[in-house]
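Student: have a look at this prediction, sequence included:
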Amino acid sequence: MSRWLRAVMLPCIFMLLFSLTGCGISDRQNQTAYRVTDADGTVVSILHKPQRILTIGASSDEMMLGLVEPKRMAAINETLANTEDTNIPWVREKISNVISRNPSVEEIAALRPDLVAVPEWLPKENVDAIRDLNIPVVVFKSAATIDDIHENIRLLAAAVGESERGEKLIKKMEDKLTELQEKIALVPEEKKHKSIALISIMPNYGGAGSTFDELCRYTESINAKAAAGNHMGQEMTKEQLIAANPDYLFFPSHENAGSREEGFGKQYLEDPSLAQMTAIREKHIGHPWARYAYNISQDIVFGIQETAWILYGDEFRLSRQEFLTAVE
């Protein structure tokens with residue numbers, strides 16, 4: 001090669017190599033940074049796979065622990081961390097920090113999260129305040145159906161860079177539901193289609209539009225509150241309860257003598273005006289475990305199984321430590 005040709009070619013080669021190297025760096029950066037659109041329609045930019053994740057709520061913690069290793073969680077909700085009231089008792093050994101049920105912005109900031117997932121009922125000013133700290137915030141739905149839970153799982157999985165695990169977790173839910181439906185199909189028809197009134201210390205819970213509808217639908221039973229015209233957010237009076245005359249009364253239990261919910265049902269069971277109701281007369285009283293009965297994570301499937309256990313017997317028996325996860 002002539003001296004003149006080398007003088008012309010070498011700069012061109014160096015420029016080409018620099019260009020290719022620069023493209024490689026840019027591509028790697030683009031693969032690390034990504035965006036998700038949350039339940040509010042906000043496009044959230046996430047610079048890297050989060051390693052200090054914080055979610056505001058016990059059920060969202062459950063969803064997140066079904067998607068990521070515990071070491072990627074900055075803290076765990078105090079409700080889920082309570083060893084007497086959790087389906088994942090090992091969580092306190094894996095996650096040392098505990099956050100309050102309704103943490104302040106200051107409490108959140110002190111944990112230095114690199115992603116915060118919050119329910120849509122959290123006040124907008126709180127969400128904005130967290131975002132003002134340059135912390136990515138993803139807002140997820142207040143779930144009323146299993147489809148809503150699937151949607152939340154997909155959103156959270158995308159936010160933490162684990163979409164494949166999200167689909168795996170949903171598949172595990174669907175497999176469990178199929179298993180339960182196959183078993184329920186074998187239950188004699190005369191045992192099915194019974195009406196259930198869920199009586200809770202949260203008086204506005206359990207009507208149409210609550211996840212209790214799903215527990216009833218998948219067990220081929222009837223939500224008595226919904227059938228009577230009560231919607232989520234409406235309280236069912238004792239007069240309405242008498243008129244509905246449900247076949248079963250469910251009083252969610254924390255199986256903890258110190259819980260406010262444990263003695264709540266006594267006022268109904270000892271009320272003379274209710275004594276002739278079918279559920280009380282025939283002693284069809286259920287005490288589903290509250291962790292499953294109120295669940296709005298992937299573990300709602302165990303709320304369905306718990307309901308079937310009360311209605312249809314020990315064929316549906318389950319432990320208090322059931323938990324679905326896509327994390328090996």
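Tutor: On my side now, so go ahead. Please read these numbers as outputs of a predicted model, since none were measured by experiment.

Student: how is this protein partitioned into domains?
Tutor: Here the domain parsing of the chain from automatic domain parsing is 32-161, 176-316.

Student: mind putting the ones you listed in a markdown table, distance to Thr325 included?
Tutor: All C-beta spots, glycine's among them, are computed from the backbone N, C-alpha and C. Listed next are these as a markdown table, based on distance: least, C-beta to C-beta, whole Å:
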| stretch | distance to Thr325 |
| --- | --- |
| domain 32-161 | 4 |
| domain 176-316 | 8 |
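
Student: make a markdown table from those and add mean pLDDT and mean neighbour count to it.
Tutor: Putting the domains of the chain into a markdown table (pLDDT from 0 to 100; neighbours: other C-beta atoms under 10 Å) gives the following:
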| stretch | mean pLDDT | mean neighbour count |
| --- | --- | --- |
| domain 32-161 | 95 | 18 |
| domain 176-316 | 94 | 18 |
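
Student: out of those domains, the one nearest Glu328 is which?
Tutor: domain 32-161 (9.3 Å; C-beta to C-beta).

Student: figure out which of the domains of the chain is closest to Ile170.
Tutor: The nearest among these, by C-beta to C-beta, is domain 32-161 at 5.3 Å.

Student: distance between that closest one and the chain's centre?
Tutor: 11 Å (C-alpha atoms, centre = their mean, to the nearest Å).

Student: compute the first-to-last residue distance for it.
Tutor: End-to-end distance of domain 32-161: 9 Å, with C-alpha to C-alpha, to the nearest Å as the criterion.

Student: now for the host helix or strand of Val127, which elements pack on it?
Tutor: Per DSSP states H and E, Val127 falls inside helix 124-131. The contact analysis (3 or more C-beta pairs under 8 Å, 6 or more residues apart in numbering; DSSP states H and E) places helix 124-131 against helix 105-110, strand 115-119, strand 137-140.

Student: same list (the ones you listed) but as TSV, adding distance to Ala227.
Tutor: Converted to TSV, the helices and strands packed on helix 124-131 look like this (distance: least, C-beta to C-beta, whole Å):
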stretch	distance to Ala227
helix 105-110	41
strand 115-119	28
strand 137-140	30
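
Student: out of those, nearest to Gln240?
Tutor: strand 115-119 (29.0 Å).

Student: export the closest one as PDB, just CAs?
Tutor: Output in PDB follows, covering the C-alpha atoms of strand 115-119 (Å, rounded to 0.1, in the frame of the first residue of the first chain):
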ATOM      1  CA  LEU A 115     -38.700   2.600  42.000                       C
ATOM      2  CA  VAL A 116     -41.900   3.100  43.900                       C
ATOM      3  CA  ALA A 117     -45.100   1.400  42.900                       C
ATOM      4  CA  VAL A 118     -48.300   3.000  44.400                       C
ATOM      5  CA  PRO A 119     -52.100   2.200  44.200                       C
END
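
Student: quick one: contacts of that strand?
Tutor: Here strand 115-119 makes contact (C-beta atoms under 8 Å, 6 or more residues apart in numbering) with 46, 50, 52-57, 60, 64, 108, 126-127, 130, 135-142, 156, 159-160.

Student: what's the angle between it and helix 124-131?
Tutor: Angle of strand 115-119 versus helix 124-131, following axes from the mean of the first three to the mean of the last three C-alpha atoms, to 10 degrees, is 170 degrees.

Student: indicate each strand paired with strand 115-119 and its parallel or antiparallel sense.
Tutor: Next to strand 115-119 in the sheet, as set by DSSP bridges, lie strand 53-55 (parallel), strand 137-140 (parallel).

Student: so can I have CSV of these showing distance to Tyr268?
Tutor: CSV is the format used below for the strands paired with strand 115-119 (distance: least, C-beta to C-beta, whole Å):
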stretch, distance to Tyr268
strand 53-55, 34
strand 137-140, 34
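
Student: quick one: closest of those strands to Glu255.
Tutor: Closest among the strands paired with strand 115-119, once you apply C-beta to C-beta, is strand 53-55, at 24.7 Å.

Student: the helix or strand just after that closest one versus strand 115-119: what angle between them?
Tutor: The first helix or strand that comes after strand 53-55 along the chain, using DSSP H and E, is helix 58-65. Using the same axes, to 10 degrees, the inter-axis angle of helix 58-65 relative to strand 115-119 is 140 degrees.
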